[in-house]
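In: Predicted model, plus sequence, below.
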Amino acid sequence: MPPPADIVKVAIEWPGAFPKLMEIDQKKPLSAIIKEVCEGWSLGNHENFALQIADATNFYITEKNRNDIKNGSILRLTTSPYQTAVQLHERIQSSSMDAKLEALKDLANASRDITFAQEFINLDGISLLTQMVESGTDFGDLLSFTLTAFVELMDHGIVSWDTFSVAFIKKIASYVNKSAMDTAVLQRSLAILESMVLNSQDLYHKVAQEITIGQLIPHLQGTDQDIQTYTIAVINALFLKAPEEKRQNVIRSPTPVNEEMAHQLYVLQVLNFNLLEDRMMTKMDPQDQVGAVMGMDEWGRWGKGKKYYQSQNTGKFFLYIICNMIPPGMLALDNMLYFARHHQDAYVRIVLENSSREDKHECPFGRSSIELTKMLCEILKVGELPSENCHDFHPMFFTHDRSFEEFFCTCIQLLNKTWKEMRATSEDFNKVMQVVREQIMRALTLKPNSLDQFKSRLQNLSYTEILKIRQSERMNQEDFQSRPILELREKIQPEIMELIKQQRLNRLCEGTCFRKISSRRRQDKFWYCRLSPNHKVLHYGDLEESPQGEVPHDSLQDKLPVADIKAVITGKDCPHMKEKGALKQNKEVLELAFSVLYESDEYLNFIAPDKHEYCVWTDGLNALLGKEMTSEYTKSDMDTLLSMEMKLRLLDLENIQIPEAPPPIPKEPSNYDFVYDCN
């Protein structure tokens with residue numbers, strides 16, 4: 001007969017004694033269980049003791065989390081959170097540097113637990129740490145562990161960031177401003193500054209007085225990507241909270257980046273382009289004679305001889321019409337004026353070319369600028385909020401202070417060139433814009449590192465080349481639409497689906513590292529989940545840090561039999577999405593959330609690191625349950641594999657031999673003294 005559901009079998013450790021095996025009744029008060037354990041080892045004053053999870057986290061067992069204890073768990077009897085907090089509060093004030101360092105190490109580790117953190121904070125522990133920092137007497141490892149403990153304690157959200165003095169802010173900023181500083185101290189200091197700026201507008205002003213973005217830039221030029229990531233996070237925070245007139249673009253030299261740094265660069269890019277939103281949504285004031293005259297002065301240089309520019313009043317009316325369209329509003333005029341002033345030769349060349357054409361073949365500069373500006377705003381998603389899980393940034397936009405305007409200048413020249421190549425008339429305007437959009441998108445897909453490289457990519461994407469690409473793609477599609485081909489596809493589709501299923505299950509067997517669910521994006525708490533090789537059990541457990549490679553089954557403490565899984569739930573129906581108010585409103589997080597329902601109302605909750613892992617896991621779990629795999633990646637994989645298999649079979653019908661191994665890579669020639677005869 002199975003044991004009652006409220007009874008869990010555990011092992012409990014106590015230093016110097018053999019572990020005790022016992023059954024815990026979850027209906028009994030936790031204090032009664034602790035008393036029973038203490039009496040078993042003849043320990044008095046049971047109120048001074050507590051139970052911890054005996055793993056790297058050392059988290060205390062409380063009435064709130066006691067239901068997380070599973071059969072087979074290993075617990076540890078230890079001093080209560082209050083007693084531990086009192087002891088550490090005294091130890092970190094020791095006159096012995098060695099004793100003080102050991103105490104700070106223990107404090108940094110213990111502060112990750114919210115139960116301990118609350119007790120230490122109640123002893124005015126935060127003030128003690130800030131006083132230690134302000135005094136400036138500690139350095140090296142002492143300072144590093146002091147700041148680590150401070151960050152861990154503040155991450156629980158118990159203490160308001162508004163309580164810190166200017167002296168403390170100055171001290172933290174000084175660690176960032178120093179040219180040579182311990183890496184750990186620098187990293188913690190950057191994390192503290194970011195939290196201050198994000199959590200308090202008043203602290204933003206105080207931090208901004210102590211540190212400038214220019215002082216942060218040198219940290220981006222090193223080789224430590226963690227430091228670079230934290231630095232960009234601080235830049236983003238300052239950028240986000242700063243008044244509009246103070247915001248600026250500061251990234252100069254992009255390097256290969258990790259996922260987190262790519263996200264921070266993406267956020268910085270979005271925030272930078274969102275500064276354009278006001279101009280994009282601003283109409284021209286009919287009373288703004290200055291703007292109209294400025295436009296007439298610039299346009300008058302190329303409008304001579306054109307009947308609609310002969311009158312200043314007509315010119316002003318035309319300007320008013322342009323800037324009254326929202327979007328792009330005044331942003332279109334800004335771009336035109338920038339082009340005329342900063343790329344005068346190219347501007348004049350376009351003017352002269354259009355002046356010499358017949359009216360029906362003239363490329364309308366005003367209309368083109370309006371529609372192109374609007375298109376670029378759509379491509380760059382100007383005005384949209386940053387996505388929580390996006391890492392798609394373009395390095396070339398970090399190489400110029402006026403990157404959007406330069407982007408426009410390159411694209412308006414492309415538009416004029418494409419107009420000529422298409423021999424377009426005014427009736428072809430929309431067709432030209434479609435081709436230009438395709439040229440821009442294809443060039444951006446290649447992720448050019450600079451605006452010059454972007455221009456080079458566009459040179460290889462002429463209208464003729466676009467036609468070739470379209471024809472090739474169309475032919476590939478048409479070849480697979482005949483009836484015999486469709487019948488063959490239908491026949492081999494089940495084989496491909498089974499192959500995809502096996503791939504998904506194999507990926508689940510390899511496992512994935514997931515981040516702990518939290519309101520803060522950047523954190524160092526992870527857990528790992530993987531499927532057993534026989535596809536019978538899900539193994540999972542907490543990790544101290546993100547693993548390098550697979551995590552062995554035997555190091556994962558918890559198990560969930562696949563036979564106990566009732567359903568896979570996704571999106572807003574997941575319990576952890578209903579509980580987290582902030583996350584609930586985040587569309588990107590919702591799209592990555594899924595839960596496994598087992599027993600009656602127990603859940604294993606996930607937030608995938610990206611869309612690919614989300615699809616792999618939801619597909620794999622549904623395959624385990626004998627359900628259909630419906631993710632977008634399954635469809636994409638099906639199309640790719642089907643297309644490949646179809647081509648191989650058609651080649652086989654033509655009796656074309658396909659080698660088992662790829663051809664060898666050609667050797668580098670030993671003699672470069674040769675000539676290729678072009679004739």
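Out: Perfect, thanks for sending it. Every value quoted in this text rests on a predicted model; they were computed, and no experiment measured them. Numbering: from 1, shown residues only.

In: wait, Pro386 sits on Asn272?
Out: No: using Cβ atoms under 8 Å as the test, Pro386 is too far from Asn272 to be in contact (10.9 Å). Using the backbone N, CA and C atoms, a C-beta is placed for each residue, glycine as well.

In: Walking through the stretch 401-550 of the chain, point out its strands one by one.
Out: Taking DSSP state E, counting those that start in this stretch as the test, the strands found in the stretch 401-550 of the chain are 512-515, 526-531, 537-543.

In: Then Met181 would be within a helix, right?
Out: No: Met181 is assigned coil when assessed by DSSP: H, G, I helix; E, B strand; the rest coil, not a helix.

In: hang on, it packs against Ile172?
Out: No: in terms of Cβ under 8 Å, Met181 does not count as a neighbour of Ile172; the distance is 11.4 Å.

In: and for those two, which residues touch both?
Out: Contact with both Met181 and Ile172 is made by residues Ser189, according to Cβ atoms under 8 Å, 6 or more residues apart in numbering.

In: More neighbours: the two, which one.
Out: Neighbour count, other Cβ atoms under 10 Å: between Met181 and Ile172, Ile172 has more, with 26 against 17.

In: Surely that one and Leu190 touch.
Out: No: if you go by Cβ under 8 Å, Ile172 and Leu190 don't touch, sitting 9.1 Å apart.

In: Report pLDDT for Leu597.
Out: We have a pLDDT of 91 for Leu597.

In: ditto for the one 3 residues further on
Out: Ser600 is assigned a predicted lDDT (pLDDT) of 74.

In: Ok, Thr399 next?
Out: 73.

In: do the one 4 residues further on as well
Out: According to the prediction, Ser403 has pLDDT 87.

In: I'd like the distance between the closest residue to it other than its chain neighbours and Leu51.
Out: Of all residues not flanking Ser403 in the chain, Phe397 sits nearest, at 4.4 Å (Cβ to Cβ, 6 or more residues apart in numbering). According to Cβ to Cβ, to the nearest Å, Phe397 and Leu51 sit 53 Å apart.

In: sorry, back to before: can you count the residues close to the residue nearest to Ser403?
Out: Phe397: 23 surrounding residues under other Cβ under 10 Å.

In: ok, it - contacts?
Out: Phe397 makes contacts with Asn249, Gln269, Asn272, Phe273, Ser403, Phe404, Phe407, as judged by Cβ under 8 Å, 6+ apart.

In: now the residues you listed in JSON lines, with neighbour count and distance to Glu210?
Out: Shown next, in JSON lines, are those (neighbours: other Cβ atoms under 10 Å; distance: Cβ to Cβ, whole Å):
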{"residue": "Asn249", "neighbour count": "22", "distance to Glu210": "22"}
{"residue": "Gln269", "neighbour count": "22", "distance to Glu210": "26"}
{"residue": "Asn272", "neighbour count": "21", "distance to Glu210": "23"}
{"residue": "Phe273", "neighbour count": "22", "distance to Glu210": "28"}
{"residue": "Ser403", "neighbour count": "19", "distance to Glu210": "29"}
{"residue": "Phe404", "neighbour count": "23", "distance to Glu210": "31"}
{"residue": "Phe407", "neighbour count": "23", "distance to Glu210": "34"}
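
In: and those residues, which of them are in helices?
Out: Among the contacts of Phe397, DSSP state H puts Gln269, Asn272, Phe273, Ser403, Phe404, Phe407 in helices.

In: wait, doesn't the fifth one sit right on Asn274?
Out: No: proximity of Phe404 to Asn274 does not meet the contact threshold set by Cβ under 8 Å, at 11.0 Å.

In: Tell me which other helices or strands the biggest helix by length in the chain touches.
Out: Identified as the longest helix of the chain according to DSSP H is helix 483-510. Of the remaining helices and strands, those touching helix 483-510 by 3 or more Cβ pairs under 8 Å, 6 or more residues apart in numbering; DSSP states H and E are strand 526-531, helix 611-624, helix 632-653.

In: Now do the buried residues in the last one.
Out: Yep, that's helix 632-653 we're talking about. Neighbour-count burial for helix 632-653, counted by 16 or more other Cβ atoms under 10 Å, picks out Tyr633, Thr634, Asp637, Met638, Leu641, Leu642, Glu645, Met646.

In: And stretch 356-374, by the same measure?
Out: The neighbour-count criterion (16+ other Cβ under 10 Å) identifies Glu362, Cys363, Phe365, Gly366, Ser368, Ser369, Ile370, Glu371, Leu372, Thr373, Lys374 as the buried residues of stretch 356-374.

In: The closest residue to Asp141 other than its chain neighbours and Ala110, how far apart?
Out: The shortest distance from Asp141 to any non-neighbouring residue, by Cβ to Cβ, 6+ apart, is to Leu101 (5.9 Å). To Ala110, Leu101 is 15 Å away according to Cβ to Cβ.

In: When these two are compared, which one has more neighbours?
Out: The neighbour comparison of Leu101 against Ala110 (other Cβ under 10 Å) goes to Ala110, with 23 against 19.

In: my guess is Leu414 meets Arg437, correct?
Out: No: contact criterion Cβ under 8 Å: Leu414 and Arg437 do not qualify, at 10.6 Å.

In: Of those two, which one has the most company?
Out: Shown here are Leu414 and Arg437; by other Cβ under 10 Å, Leu414 has more neighbours (22 against 17).

In: Contacts only, for the more buried one.
Out: Here Leu414 is in contact with Val436, Gln439, Ile440, Leu458 (Cβ under 8 Å, 6+ apart).

In: Need the max-distance pair from these.
Out: Greatest spatial distance in the contacts of Leu414: Val436 and Leu458, 9.7 Å, computed using Cβ to Cβ.

In: out of the two, which sits in the more crowded spot?
Out: The neighbour comparison of Val436 against Leu458 (other Cβ under 10 Å) goes to Val436, with 26 against 21.

In: can you count the residues close to the closest residue to that one other than its chain neighbours?
Out: Closest residue to Val436 apart from its sequence neighbours, by Cβ to Cβ, 6+ apart: Leu415 at 5.1 Å. As a burial measure, Leu415 scores 24 neighbours (other Cβ under 10 Å).

In: what sits against Leu415?
Out: If you count contacts by Cβ under 8 Å, 6+ apart, then Leu415 has Cys363, Ser368, Leu372, Val432, Met433, Val436 around it.

In: residues contacting the last one?
Out: If I follow you right, that is Val436. Applying Cβ under 8 Å, 6+ apart, the residues near Val436 are Leu372, Met375, Cys411, Leu414, Leu415, Thr418.

In: Ok, the fifth one next?
Out: Taking Cβ under 8 Å, 6+ apart, we find Met433 in contact with Glu371, Leu372, Met375, Leu415.

In: Let me see the confidence value for the last one.
Out: What it means is Leu415. With respect to pLDDT, Leu415 has a value of 95.

In: Equivalent analysis for the second one, please.
Out: Per-residue confidence (pLDDT) for Leu372: 95.

In: need the contact list for it.
Out: For Leu372, the contact set (Cβ under 8 Å, 6+ apart) comprises Phe408, Cys411, Ile412, Leu415, Met433, Val436.

In: cool, and Arg279?
Out: By Cβ under 8 Å, 6+ apart, the neighbours of Arg279 are Gly329, Met330, Leu331, Asp334.

In: All good on my end, thank you.
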